[in-house]
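Chemist: Below are the sequence and a predicted model for it; my questions follow.
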Amino acid sequence: MKTSMPKLLVARAMFPDVLAQLSNFFELELNQEDRIFSQSELAERLQGKFGMICTSSAKVDQDLLSKLSGVKIISTIAVGYDNFDLHACTQHGVMATNSPDVLNETTADFAWALMMATARRVTEAEHFLRAGLWTKWSVDFFVGADLHGSCLGILGMGRIGQAIARRASGFGMEVIYHNRSQLSEEKELAAHHARYVDKQTLLRHADHLILALPYSPEVHHIIGAIELAQMKPSATLINIARGGIVDDAALIQALRNGQIAGAGLDVFENEPRFHADFLGLKNVVLTPHIASATERTRRAMVNRAVKNVISAVRGELPPDLLNP
Ligand code: DGY
């Protein structure tokens, strides 16, 4: 019975109970040691498969897809799908799905954690204490920037951006945003009366600027030397979106020269590699792409990815289909 089941590549380590659920529908090929496959290994492992559950580390492009046949669905455990060439997926008859919505609130929480840690120099102060350097209290000791009463800027006002904005009400912050298009009045109201501004106004006025936009080649290095120069010297920049949005070399210069006060970065271009010069800077908080990392949310993201492949094998339209 099991031999006639369609085959599924679960390209990353997976919760055992989820594997048990999937094995009711698929013959599984696993990667419980959680290796990152090279493109050629990925192509090899996808031979004869109905589909794959993967993460942002799997690059699904024309080159990979041209080596495959019979693959019906690629399901990523992520809201961002910049690792997928959707046009190529459609050309090759492959359904691409993501796992949106369930991570909005958790990711927004983390954006705030990073903003607070950056503005109030939490990690820098902790390193100081751990290094045994604390000898006295002084009036200018680790002074940072206030969040309350300040202006929060958000670039990218999708579902995560709006969840970030809602949290500003507890801090009495003004919220301004820039987005491809202005939100409806109703949505702006719900997002703590967020006010739509042009990009330049956003850069100039924000005391804390959070990047929450999806990556695409059009926004590659959209925050570079010119944009950083427009920000306030007291401002912080927080990136929970994708590394390629920020020009890291320019950001390092801006942090070194005091052009902005600090940065909180959860994502990096070419991660898990990152620019080594960040390590020499005290005014940057660095985390390894963990904004959606809570037990409940990661489970919810996985469940969505699973639901998508099960729908596909049942001949139904996956709920999170990206290329209908
Ligand atoms: C997402 O969901 O896009 C997160 O960044 C994890 O890749």
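Modeler: It's in. Owing to the predicted nature of the structure, the values given are computational and were not obtained by experimental measurement.

Chemist: Residues of the stretch 101-250 of the chain that sit close to the ligand?
Modeler: The stretch 101-250 of the chain comes close to the ligand at residues L103, as judged by C-beta under 6 Å from any ligand atom. No exception for glycine: its C-beta is placed from N, CA and C like everyone else's.

Chemist: Pull up the gap between the residue of the stretch 101-250 of the chain found nearest the ligand and P319, please.
Modeler: Of all residues in the stretch 101-250 of the chain, the one sitting closest to the ligand is L103 (5.6 Å; C-beta to the nearest ligand atom). Here the criterion is C-beta to C-beta, to the nearest Å. By it, L103 lies 15 Å from P319.

Chemist: who's more crowded, the two?
Modeler: L103 (25 against 11; other C-beta atoms under 10 Å).

Chemist: which residue packs closest to that one, ignoring adjacent ones?
Modeler: S292 (4.1 Å; C-beta to C-beta, 6 or more residues apart in numbering).

Chemist: what's the answer for A261, then?
Modeler: Closest to A261 by C-beta to C-beta, 6+ apart is S234, at 5.2 Å.

Chemist: What is the burial count for the one you found?
Modeler: 15.

Chemist: Could you report the pLDDT at it?
Modeler: Looking at S234, its pLDDT is 98.

Chemist: where do the helices sit along the stretch 1-150 of the chain?
Modeler: 16-22, 39-45, 62-65, 86-91, 104-119, 122-130 (DSSP state H, counting those that start in this stretch).

Chemist: Can you list the buried residues in the second one?
Modeler: In this case it means helix 39-45. For helix 39-45, a neighbour-count test (16 or more other C-beta atoms under 10 Å) marks L42, A43, R45 as buried.

Chemist: can you pull the contacts of the second one?
Modeler: I take that to be A43. L64, K67, L68 (C-beta atoms under 8 Å, 6 or more residues apart in numbering).

Chemist: tell me the contacts of the last one?
Modeler: Looking back up the chat, that one is L68. By C-beta under 8 Å, 6+ apart, the contact set of L68 is A43, L46, Q47, H92, V94.

Chemist: Type out the PyMOL command that picks the buried ones from the residues you listed.
Modeler: Restricted to buried positions by 16+ other C-beta under 10 Å, the PyMOL selection for the contacts of L68 reads:
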select buried, resi 43+46+92+94
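
Chemist: Go through the contacts of L68 and flag which are in strands.
Modeler: Judged by DSSP state E, strands contain none of the contacts of L68.

Chemist: Can you add pLDDT and give the contacts of L68 back as TSV?
Modeler: Below are these laid out as TSV (pLDDT from 0 to 100):
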residue	pLDDT
A43	98
L46	98
Q47	98
H92	98
V94	98
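
Chemist: Turn the contacts of L68 into CSV, columns for distance to G80.
Modeler: Below are those laid out as CSV (distance: C-beta to C-beta, whole Å):
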residue, distance to G80
A43, 23
L46, 21
Q47, 27
H92, 21
V94, 18
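
Chemist: of all the contacts of L68, which comes closest to F278?
Modeler: A43 (33.5 Å; C-beta to C-beta).

Chemist: which among the contacts of L68 gets closest to S23?
Modeler: The closest of these to S23 turns out to be L46 (C-beta to C-beta; 18.7 Å).

Chemist: ok so, going back, what's the residue nearest to A261 sitting at in phi/psi?
Modeler: phi -90, psi 0 (degrees, to the nearest 10).

Chemist: surely it meets G258?
Modeler: No - applying C-beta atoms under 8 Å as the test, S234 and G258 come out as separate, 9.7 Å apart.

Chemist: Please identify the most buried of the helices of the stretch 1-150 of the chain.
Modeler: Neighbour counts (mean count of other C-beta atoms under 10 Å) averaged over each of the helices of the stretch 1-150 of the chain peak at helix 104-119, with a mean of 22.

Chemist: how far is it from where the chain is centred?
Modeler: Relative to the centre of its chain, helix 104-119 is centred 12 Å away, using C-alpha atoms, centre = their mean, to the nearest Å.

Chemist: Check which helices and strands that helix is in contact with.
Modeler: Where contact means 3 or more C-beta pairs under 8 Å, 6 or more residues apart in numbering; DSSP states H and E, helix 104-119 is packed against helix 159-166, strand 208-211, strand 236-239, strand 262-265, strand 284-286, helix 295-313.

Chemist: Pull up the pairing partners for the fifth one, direction included.
Modeler: Strand 284-286 has the following strand partners under DSSP bridges: strand 262-265 (parallel).

Chemist: what about the partner strand, average pLDDT?
Modeler: Mean pLDDT, computed over strand 262-265, is 98.

Chemist: what residue ranges in the protein score low on pLDDT?
Modeler: Low-confidence segments of the chain (pLDDT under 70): 1-3.

Chemist: which residues touch the residue positioned nearest the centre of it?
Modeler: When C-alpha atoms, centre = their mean is applied to the chain, the residue found nearest the centroid is A241 (4.0 Å). Contacts of A241 were listed using C-beta under 8 Å, 6+ apart, and they are G80, G156, L211, A212, L213, P214, Y215, V267.

Chemist: Next one: M52 from S69, what distance?
Modeler: Relative to S69, M52 is positioned 14 Å away (C-beta to C-beta).
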